[in-house]
Each structure stands twice: as structure tokens, then as C-alpha cells.
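J.: got a structure for you, letters missing:
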Ligand code: F0G
């Protein structure tokens, strides 16, 4: 909350001097950013309490994912440049954010989605925020190729992460982590799909290091779903498959910059199976009270893999951590976006009569 205006400030007002905006930029915000950094003692315990583990819960953003950080910057600058229509390809979260910020700005919005592969909550968001929803009978990578062709249309602004303004906004998550911890963590773990977010975090950490607001940069560790792991396998995956639909991507747009981030930071990329992802999603909800969507849980699944000496790879950055190190895991989106994938695995609720004895008998 900004004490002077008594309203929530978004990432542009919080980090204005480090973003490509000027006084005449119309700030289109929903009060995004400033998301919780939640310490997880139970994850720390998996490393014998040698390190402190934190969850950066991006599901707390206004549309329920980290995309809002990039969208406020991209949409504000698009408005300043005179765009009237926003367009994006999406596995769901970008389209939800684009549609919301378009509504806020008064611009039109069209979203291209892989037909039948989007979590229901995200489709509902695009519709209710008033976007034109266009289903394409192909995967995300094909949708993004169409959007690339529309880039040159006058008054149209593409708000995928191929628009550099998106990454500028998303780098603010790294600023927040350093501002809260007092320095950069030793490791930062996050899920990787189109690879924009890992690129943006790395940019943010580097900028803070250059400004001496951090004494170091973290090793960046990315996790892809095993069936959609182009960077890990070092080849395009023509038909990526994972139930974590947000990261069902076979040819990431920010592949090159993500590889640079991994190399320069001394980090690593690894894979997690869908079973590991769903187990981690349930674990972090049931143990820490944080409900993240499946793709987000890839960072938790990845942490669990790396914390286990019998499962991690020989060069795992977690094996070489000094004691007292901080580790941050980004949980990129809210679990409520995709309840179907959870309900599939839920047992039926217990049944009781409407009296105390009946309920108590179930508790014993
Ligand atoms: N987690 C969630 C919840 C996402 O929605 C995405 C990407 C990622 C992780 C991966 O981030 O692409 O920057 O590597 N979602 C995009 C979308 C592709 O269209 O919503 P990334």
C-alpha cells in the first residue's frame, strides 16, 4: 500500500527508475507484484535445515499468475505508442493477463489458444475480461508462429514475451526477492515453458548486482516437464505432452537467452515427470497451505528431486551449497485456475448425518 495515495501500487510505481517508462506513460495497473515470499521450514528440513527455503507465490497477483508483472509494462507502453488491439498466443495465463489489462486500458484483445489444452479457469478469465478467444487446432508453438506474423500490423501490440517490455516487468520479481531477503539467494528454482521468466529473473538479478543492491547473483535452475523438455534435451519437441498445460511448449521463444542465463549463472536445467509435478502440488498445498497450479509445482518437484542425493544429477547445484544459503522457488500461478486436474485425483467427500456424534465418529 502506498501511504500517500492509500492505494496498492503496482510494479511500475514500485520500480519506475529501473523500467523503460517515462512521465507520459499511462500506467495501466491492477496493483500487481509485491507477492508473498513464504518461508518453508518443511522444505528446508529436506536439506537437513542447512539452508532456508522460500516460496515466491506469484499466484497472489491480480489475475493469479506472474504474467501480470510483464503485462502492466507491456500494455502501458503499448497504450503510449498508440496501440488499440492486444494479441497473444497462450497456454492460458498470458491470455488471462492480457485480457484483464486490455479491459483496464480500454483496448481490444484477441487471444490464440491451443484448442482443448487450456485449464478451464484460464479460459473463463479470457472470456469474462472480454477478450476475443480464438482456438487453434494445434499446439502453443503454432499459435505463437501466427502471432509473430501479426507483429507488423499497425495498431496491434503483441504481448507475448517476444515483446521485451514483458520481460522488463517480470524482472521485478527478482528485485522483490532481493529487497525482502537483503541479498540475492544462492539458488533460484522455477518452471520453464517459453523460457521468458527465467530470462527475466536473470536480468533482474544482474541489474541489482550491478547497482550493488545485491552482493551476488543466484544460480538459476529451471525445470521442464519430462514430455515437454526442449531445452533439457537440446532439440525442438514437435508434439510436447504434459498435464501441466501451462508449460506444454516444444520450441521456446526465449530458448537462447534462457541458455545464457543458465550458463552465466552457473545453473542447470532438469526435468520432472507429471507424477512428480502432481505429487509436489499436493505436498506444498497440504504442508504449507500454498495452492499452486501444476506447472508451478514443477519448481517444488524439482527441489525435491535435487534434495535427494539418489535422484539428483552429478552436477546438481544443490549438492554444492554452503550452509545457511537461501533458496527461492517461484510458484508461478494459482491452483484455482486448474481445479479439474486436482479433482480428478480427489477421493469422494466423507458423508455424515447432520449431528455432532456422526461428525465426531469420522474424526476419531
Ligand atoms: N508457470 C506458469 C503457471 C505459466 O503459465 C508459464 C507460462 C510458465 C510457468 C513458464 O514460464 O513461459 O516464461 O518459461 N505460460 C505461458 C502462457 C506460456 O501462455 O501463459 P515461461
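T.: That came in fine, so what should we check first? This structure is a prediction, so every number in the text was calculated from the model and none was measured.
J.: what does the stretch 101-250 of the chain put close to the ligand?
T.: 161, 191, 192, 193, 194, 195, 196, 197, 246, 247 (CB under 6 Å from any ligand atom). Where C-beta positions appear, they are placed from N, C-alpha and C, glycine not excepted.
J.: in helices only, show me the residues you listed.
T.: Of the positions in those, 196, 197 sit in helices, assigned by DSSP state H.
J.: out of the residues of the stretch 101-250 of the chain next to the ligand, who's the most crowded?
T.: Scoring these on neighbours with other CB atoms under 10 Å, the highest-scoring entry is residue 192 at 34 neighbours.
J.: tell me the contacts of it?
T.: 198, 222, 223, 224, 231, 247, 252, 258, 269, 298 (CB atoms under 8 Å, 6 or more residues apart in numbering).
J.: so where does the residue lying closest to the third one once chain neighbours are set aside fall, helix or strand?
T.: Spelled out, it's residue 223. Nearest residue to residue 223 in three dimensions, chain neighbours excluded: residue 302, at 3.7 Å (CB to CB, 6 or more residues apart in numbering). Using DSSP states H and E, the element containing residue 302 is helix 297-307.
J.: the helix or strand following that helix near the ligand at all?
T.: Later in the chain than helix 297-307, the nearest helix or strand by DSSP H and E is strand 326-331. No: interface with the ligand: strand 326-331 contributes nothing (CB under 6 Å from any ligand atom), its closest point being 8.2 Å away.
J.: what comes into contact with strand 326-331?
T.: 37, 40, 43, 51-59, 66, 173, 177, 181, 183, 185-191, 197, 201, 218, 284, 290, 292, 296-297, 299-300, 303, 318, 321.
J.: and stretch 13-32, by the same measure?
T.: Residues beyond stretch 13-32 that count as contacts (CB under 8 Å, 6+ apart) turn out to be 2, 7-12, 33-34, 61-63, 68-69, 71-73, 75-77, 79-80, 100-101, 104-105, 165, 168-169, 172, 175, 207.
J.: may I see the buried residues of that stretch?
T.: Of all the residues in stretch 13-32, those buried under the rule 16 or more other CB atoms under 10 Å are 13-15, 18-19, 21, 25, 27-32.
J.: okay, the contacts of residue 192 in a markdown table with distance to residue 336 and pLDDT next?
T.: As requested, the contacts of residue 192 are exported to a markdown table (distance: CB to CB, whole Å; pLDDT from 0 to 100):
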| residue | distance to residue 336 | pLDDT |
| --- | --- | --- |
| 198 | 24 | 98 |
| 222 | 25 | 98 |
| 223 | 22 | 98 |
| 224 | 24 | 98 |
| 231 | 29 | 98 |
| 247 | 18 | 98 |
| 252 | 26 | 98 |
| 258 | 28 | 98 |
| 269 | 29 | 97 |
| 298 | 18 | 98 |
